[in-house]
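**Student:** this one's sequence-less:
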């Protein structure tokens, strides 16, 4: 592969003095070579920039320095610079990362270089910006939270029932898990598989103690949970350290196995009502504690 | 829902770190374990040395009464348990099937499938045979739990030294192997689900509240499932190898008799 030589800063590219970043705090006498992919959907190339290194500098700082001092037209999506908005997702040295949580010094490749590229699972808009709108379309197809009829917010939920679902709430929708998932990235199965982010969302609903909707048929069919082969890359790249595979995808796979692949449990589901019905016929009537081993049938919902 | 066609960035580089270390290590050690297991199961028909029974041969079925190794009758149970295990699936999909070889690493098979049609047609994941059989993991779990109980009985038997109470190095190895296999089995993802993870609500009944405590315990073990997977694989080989060395008279079993 032929790479272009570092782009010299010509007079035409020099941004006006008012836009340049000047700083002294933590400035070192070292320089990092940051190679940034520049281009659009029709093609592009890596362009080298020499960036003065600051103590604690993250890759997003370097991108900002390049925008301010070398390439004002460099496109990069960002917002909070605190690892909470999930906007600055990209690939640093080939690994999906948040630019604002990746230090330049830690990201150094074999020869100290830092290669910054856009996410490869989504269409490129320009430079480091990709079109992630497909994710929002998938999200819209997931049936929302559905409490039982007459059970309205605010809910009082014991802490034990929140242990599982609160982890899913940490998701910042950076879509790094979608980017790294080989089913979407390599096999492009976007018409059969929703990706780890939306399996987490389905888990947050399915494991919610107040939700009554049955999404297992959706999981097996449209969501394509069978395409996930548990390689745990989504867990490795999650900046919020959500154990996506262990705590979301595998519990969902086990729920599908309960219903689709476990004849013993199927038989148990059929037989269990018999002694309970017989007991109900002879037992004195009164309030009884229920053991909801299975979710009941979902309530009828209005269309839409 | 189909996404708009993406463009793989022209001139983009792949992973620059040594991502191949993990799959190479897994491939090496699983291949060595497979070769050793094949040798000890198929070609080595000596199942025990005095009170020590090899884990490959336990439970001993029809020992000495059939022309083939008795281990052949039972090896499919631990093999099936490990082959459908959620941890080993990650390991062997990366190491042997390159699906994917590493995170964010190009897959040769996917590139070949996508070239002529623009759509991946080969990848079926765990939706078709044979990998859909991974959904049967829980049935192997049930059998594996029975095996752990049998290994525990073997461990107690290993304290018998020529009819007296005694402790040898082999006793310790068998005991450690049993503990390692127990930890691997009881940290299983399927067990975590069956024991409480499958409940929609932990506070809705007295039984569910009890299962919540068990679920927390298995969740703690489950965090270390991959460690237990490798440790138990190693202890199985070491225990078997030690018993073979005793059978060949390479050295005497150091022991304390009471």
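**Tutor:** Received the coordinates, thanks. Quick caveat: nothing in here was measured; it's all calculated off a predicted structure.

**Student:** Tell me where the longest strand sits in chain B.
**Tutor:** Across chain B, the strand with the greatest residue count (assigned by DSSP state E) is strand B:164-168.

**Student:** Now the strand ranked longest in chain A: buried residues?
**Tutor:** When chain A is parsed with DSSP E, its longest strand is strand A:27-40. Neighbour-count burial for strand A:27-40, counted by 16 or more other C-beta atoms under 10 Å in any protein chain shown, picks out A:32, A:33, A:34, A:35, A:36, A:37, A:38, A:39. Glycine gets a C-beta too; all of them are placed from N, C-alpha and C.

**Student:** How far away from the center of its chain is that strand?
**Tutor:** Averaging C-alpha positions (C-alpha atoms, centre = their mean, to the nearest Å) puts strand A:27-40 27 Å from its chain's average.

**Student:** on that earlier part again, what average pLDDT does the helix or strand following the longest strand of chain B get?
**Tutor:** Per DSSP states H and E, the first helix or strand lying C-terminal to strand B:164-168 is helix B:169-186. If you average the pLDDT over helix B:169-186, you get 96.

**Student:** Quick check: can you list the domain ranges of chain A?
**Tutor:** Following automatic domain parsing, one finds the domains of chain A at A:25-130, A:133-265.

**Student:** Would you mind putting the ones you listed into a markdown table with mean pLDDT alongside?
**Tutor:** Shown next, in a markdown table, are those (pLDDT from 0 to 100):
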| stretch | mean pLDDT |
| --- | --- |
| domain A:25-130 | 92 |
| domain A:133-265 | 94 |
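
**Student:** which stretches of the stretch 1-150 of chain A form strands?
**Tutor:** A:27-40, A:43-54, A:89-92, A:95-98, A:114-117, A:124-126, A:129-130 (DSSP state E, counting those that start in this stretch).

**Student:** could these go into CSV alongside distance to chain B?
**Tutor:** Below are the strands of the stretch 1-150 of chain A laid out as CSV (distance: least, C-beta to the nearest C-beta, whole Å):
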stretch, distance to chain B
strand A:27-40, 5
strand A:43-54, 5
strand A:89-92, 7
strand A:95-98, 6
strand A:114-117, 5
strand A:124-126, 5
strand A:129-130, 8
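
**Student:** I'd like the ones you listed as JSON lines, with distance to residue B:89 appended.
**Tutor:** Output for the strands of the stretch 1-150 of chain A, formatted as JSON lines (distance: least, C-beta to C-beta, whole Å):
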{"stretch": "strand A:27-40", "distance to residue B:89": "33"}
{"stretch": "strand A:43-54", "distance to residue B:89": "36"}
{"stretch": "strand A:89-92", "distance to residue B:89": "26"}
{"stretch": "strand A:95-98", "distance to residue B:89": "22"}
{"stretch": "strand A:114-117", "distance to residue B:89": "29"}
{"stretch": "strand A:124-126", "distance to residue B:89": "32"}
{"stretch": "strand A:129-130", "distance to residue B:89": "30"}
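
**Student:** need the next SSE after the longest helix along chain B, C-terminal direction.
**Tutor:** Longest helix in chain B by number of residues, with DSSP state H as the criterion: helix B:225-247. Going down the chain from helix B:225-247, the next helix or strand is strand B:255-257, by DSSP H and E.

**Student:** and that following strand, what does it pack onto?
**Tutor:** With contacts taken as 3 or more C-beta pairs under 8 Å, 6 or more residues apart in numbering or on different chains; DSSP states H and E, strand B:255-257 sits against strand B:164-168, helix B:169-186.

**Student:** Switch the ones you listed over to TSV, and while doing so, append distance to chain A to every line.
**Tutor:** Listed next are the helices and strands packed on strand B:255-257 as TSV, based on distance: least, C-beta to the nearest C-beta, whole Å:
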stretch	distance to chain A
strand B:164-168	38
helix B:169-186	15
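
**Student:** Helices of the stretch 51-200 of chain B, start to end?
**Tutor:** In order along the chain, the stretch 51-200 of chain B carries the following helices (DSSP state H, counting those that start in this stretch): B:76-83, B:86-95, B:108-117, B:137-157, B:169-186, B:189-192.

**Student:** Residues in contact with the first one: which ones?
**Tutor:** Contacting residues not belonging to helix B:76-83 are listed as B:88, B:92, B:134, B:136-137, B:140-141, B:143-144, B:147, B:185, B:229, B:233 [C-beta atoms under 8 Å, 6 or more residues apart in numbering or on different chains].

**Student:** Report the mean confidence score over that helix.
**Tutor:** 96.

**Student:** Please apply the same query to the last one.
**Tutor:** Across helix B:189-192, the average pLDDT comes to 97.

**Student:** and that helix, how far out from the chain's middle?
**Tutor:** 14 Å.

**Student:** Same question for the fourth one.
**Tutor:** Relative to the centre of its chain, helix B:137-157 is centred 13 Å away, using C-alpha atoms, centre = their mean.

**Student:** And stretch A:97-114, by the same measure?
**Tutor:** On the basis of C-alpha atoms, centre = their mean, stretch A:97-114 sits 21 Å off its chain's mean C-alpha point.

**Student:** so which of the helices of the stretch 51-200 of chain B comes closest to residue B:254?
**Tutor:** The closest of these to residue B:254 is helix B:169-186. By C-beta to C-beta, the value is 5.0 Å.

**Student:** Which secondary structure elements does that closest one sit against?
**Tutor:** strand B:52-53, helix B:137-157, helix B:206-222, helix B:225-247, strand B:255-257.

**Student:** Buried deepest among these, which one?
**Tutor:** strand B:52-53 (a mean of 24; mean count of other C-beta atoms under 10 Å in any protein chain shown).

**Student:** and that one, which strands flank it?
**Tutor:** Sheet pairing of strand B:52-53 (DSSP bridges) gives strand B:48-49 (antiparallel).

**Student:** And the helices in the stretch 201-304 of chain A, which stretches?
**Tutor:** In the stretch 201-304 of chain A, the segments counted as helices under DSSP H, counting those that start in this stretch are A:216-220, A:233-237, A:244, A:250-260, A:263-271, A:273-282.

**Student:** Could you identify which of these is most buried?
**Tutor:** Counting by mean count of other C-beta under 10 Å, helix A:244 has the highest mean neighbour count of the helices of the stretch 201-304 of chain A, with a mean of 28.

**Student:** which helices and strands sit right next to that helix?
**Tutor:** helix A:196-206.

**Student:** now the angle from the helix it packs on to helix A:250-260?
**Tutor:** Angle, helix A:196-206 to helix A:250-260, by axes from the mean of the first three to the mean of the last three C-alpha atoms, to 10 degrees: 60 degrees.

**Student:** Now tell me what touches helix A:196-206 from outside.
**Tutor:** A:135, A:138-139, A:142-145, A:165, A:168-169, A:171, A:173, A:175, A:177-178, A:181, A:194, A:211, A:213, A:215-216, A:218-219, A:223, A:225, A:228, A:234, A:242, A:244-245, A:247-249, A:251-252, A:255, B:200.

**Student:** Quick one, which of those are buried?
**Tutor:** The neighbour count (16+ other C-beta under 10 Å) marks A:135, A:138, A:142, A:165, A:168, A:171, A:173, A:175, A:177-178, A:181, A:194, A:211, A:213, A:215-216, A:218-219, A:223, A:225, A:228, A:234, A:242, A:244-245, A:247-249, A:251-252, A:255, B:200 as buried among the contacts of helix A:196-206.

**Student:** shaky segments in chain B?
**Tutor:** B:1-11, B:45, B:62-64, B:110-121, B:258 (pLDDT under 70).

**Student:** Try it again at 80.
**Tutor:** Residue ranges of chain B with pLDDT under 80: B:1-13, B:44-50, B:61-68, B:108-122, B:161-163, B:255-258.

**Student:** rewinding a little: compare the helices of the stretch 201-304 of chain A and give me the one nearest residue B:99.
**Tutor:** helix A:233-237 (11.3 Å).

**Student:** Help me see whether the closest one makes contact with chain B, please.
**Tutor:** Yes. Using C-beta under 8 Å from any C-beta of the partner chain, we find that helix A:233-237 touches chain B at A:233, A:236, A:237.

**Student:** show me where the stretch 1-150 of chain A has helices.
**Tutor:** Going by DSSP H, counting those that start in this stretch, the stretch 1-150 of chain A shows helices at A:59-69, A:104-107, A:133-140.
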